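**Student:** Take this sequence and fold it.
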Amino acid sequence: MYKQDISTQSIQTHIVGTTFANRKTVVDQLVVGEEVYLVREPKNLFDGNAVKVCRGNDQQIGYLDRYLAATISPQLDQYDRPVKAVVSALTGGFYPESNIGVLVQFELPK
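**Tutor:** Residues are numbered from 1 along each chain as shown. Here you go, the predicted structure:
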């Protein structure tokens, strides 16, 4: 289960699925401080609560963790538009061919 207390309205979280579907090339271009967007995917075949994370040019980075997405998707559905987030950290990538992890921070819409 997702352990963060979302009552604070400010969330920092790790993005999952960054190595699938050639997303590594997109992740390799990210910079800390870059604005990205959380976009609901209610018709996602694998998870009706899915929230994808995209750059401003619609290149997909990955997804929010499924437990966090299940917790906040009703709020995002009510907001009914993408939520701005910021790349707060890039982790890993210390040697050739290693993957880079992505953390984003965002405010839940009220």
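**Student:** drop to CA atoms for contacts and neighbour counts, all remaining ones
**Tutor:** Fine.
**Student:** How about residues contacting stretch 77-84?
**Tutor:** Outside stretch 77-84, the residues within contact range by CA atoms under 8 Å, 6 or more residues apart in numbering are 35, 36, 37, 38, 39, 40, 76, 106, 107, 108, 109, 110.
**Student:** Which of the three states applies to residue 26?
**Tutor:** helix (DSSP: H, G, I helix; E, B strand; the rest coil).
**Student:** and it, how many neighbours?
**Tutor:** 16 (other CA atoms under 10 Å).
**Student:** And for residue 29?
**Tutor:** The number of residues packed near residue 29 is 7, by other CA under 10 Å.
**Student:** For this structure, which residues score under the pLDDT cut-off?
**Tutor:** Within the chain, the stretches with pLDDT under 70 are 1-8.
**Student:** buried ones in the longest strand seen in it?
**Tutor:** Criterion DSSP state E: the longest strand present in the chain is strand 83-92. Residues 83, 84, 85, 86, 87, 88, 89, 90 are the ones in strand 83-92 that count as buried (16 or more other CA atoms under 10 Å).
**Student:** How about stretch 27-46?
**Tutor:** Neighbour counts over stretch 27-46 (16+ other CA under 10 Å) mark 27, 30, 35, 36, 37, 38, 39, 40, 41 as buried.
**Student:** What residues sit buried inside the longest helix along the chain?
**Tutor:** Under DSSP state H, the helix in the chain containing the largest number of residues is helix 66-79. Neighbour-count burial for helix 66-79 flags 66, 68, 69, 70, 73, 76 (criterion: 16+ other CA under 10 Å).
**Student:** before we move on, back to that, show me the contacts of stretch 77-84 that map onto strands.
**Tutor:** With DSSP E as the criterion, strands contain 35, 36, 37, 38, 39, 40, 106, 107 from among the contacts of stretch 77-84.
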